[in-house]
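# with the input below, show me the fold.
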Amino acid sequence: MRKRLGIAGGMGPYASVIFYEQLTRLTRAPSDQEHLELILYSAPQIPDRSAYLSGLSGVSPLDGLLAVCRALEPLADVIAVPCMTAHHFHGELSGALRRPVPDMHLVCAEGAGAASSLGILATDGTVASGRLQSVLTRHGVRPVLPDDQEPVMRLIYGVKAGKPPDHDLFRSLTGRLAGRGVHTILLACTELSAYRGTPGTPELLDASELYARHCIKIAGGMVVDECP
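Residues are numbered from 1 along each chain as shown. Now for the predicted structure:
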């Protein structure tokens with residue numbers, strides 16, 4: 001049975017565009033009518049999740065997140081939040097809503113498969129929260145963080161600002177993680193999906209794509225490269 005998907009977007013706007021593209025591209029649908037029915041609410045005014053969790057801002061994004069999800073609640077059967085940092089608040093969102101909210105951190109932990117260690121490129125807020133690392137560890141995956149977060153944030157906020165991708169910096173970051181014995185790296189921020197096709201990197205797991213695949217399935221669709 002098909003379910004209508006609500007998307008709490010705008011965190012940031014370009015990441016929401018990528019997520020919508022992934023939902024469309026990855027759904028097995030030979031006609032328009034077989035794609036998912038969905039509603040995207042883009043709310044870029046929600047306060048910065050990373051700044052709050054890393055202590056740079058005292059303004060919590062939780063009220064804004066709840067307001068968007070509650071607006072979607074009467075219109076959707078499932079509510080997706082395609083922002084890795086926002087899932088620090090997954091417990092609060094799930095507890096306040098009558099609709100299920102798929103847990104992006106859990107989806108990524110399950111998507112890591114047999115990886116014994118996983119490089120993590122994420123916002124300062126995700127790193128400071130520790131929730132993603134905890135979920136991965138519970139699933140037998142050892143998270144490996146970069147030795148310097150500043151260039152990671154430069155890449156993420158460069159995408160938010162509409163700057164051209166800095167593939168050289170991205171290759172340098174992933175190469176340093178590979179030098180520490182990491183064979184697979186999780187793009188644990190939806191903006192970093194912009195770097196998924198960068199050549200000359202270790203294997204990349206795209207959190208946004210993993211989440212899109214999961215949302216397609218729970219909404220009753222079929223992913224293009226999976227058998228019925």
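# who are the contact partners of the closest residue to Ser42 other than its chain neighbours?
Nearest residue to Ser42 in three dimensions, chain neighbours excluded: Gly10, at 3.8 Å (CB to CB, 6 or more residues apart in numbering). (Glycine included, C-beta is placed from N, CA and C.) By CB atoms under 8 Å, 6 or more residues apart in numbering, the residues touching Gly10 are Ser16, Tyr41, Ser42, Ala43, Pro44, Gln45, Ile46, Val68.
# swap in 10 Å and give it another go.
Ser16, Leu40, Tyr41, Ser42, Ala43, Pro44, Gln45, Ile46, Gly64, Val68, Pro82, Cys83 (CB atoms under 10 Å, 6 or more residues apart in numbering).
# cool, and Leu36?
Per CB under 10 Å, 6+ apart, neighbours of Leu36: 2-5, 23-24, 27, 29, 215-216, 219-221.
# biggest helix in this structure, by residue count?
helix 13-26 (DSSP state H).
# keeping just the C-alphas, turn that helix into PDB.
C-alpha atoms of helix 13-26 as PDB (Å, rounded to 0.1, in the frame of the first residue of the first chain):
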ATOM      1  CA  PRO A  13      17.600  24.000   0.300                       C
ATOM      2  CA  TYR A  14      20.200  22.500  -2.100                       C
ATOM      3  CA  ALA A  15      20.400  19.400   0.000                       C
ATOM      4  CA  SER A  16      16.600  19.100  -0.300                       C
ATOM      5  CA  VAL A  17      16.900  19.400  -4.100                       C
ATOM      6  CA  ILE A  18      19.400  16.500  -4.100                       C
ATOM      7  CA  PHE A  19      17.200  14.400  -1.900                       C
ATOM      8  CA  TYR A  20      14.100  15.000  -4.100                       C
ATOM      9  CA  GLU A  21      16.200  14.100  -7.200                       C
ATOM     10  CA  GLN A  22      17.400  10.900  -5.500                       C
ATOM     11  CA  LEU A  23      13.900   9.900  -4.600                       C
ATOM     12  CA  THR A  24      12.800  10.400  -8.200                       C
ATOM     13  CA  ARG A  25      15.900   8.700  -9.800                       C
ATOM     14  CA  LEU A  26      15.900   5.700  -7.500                       C
END
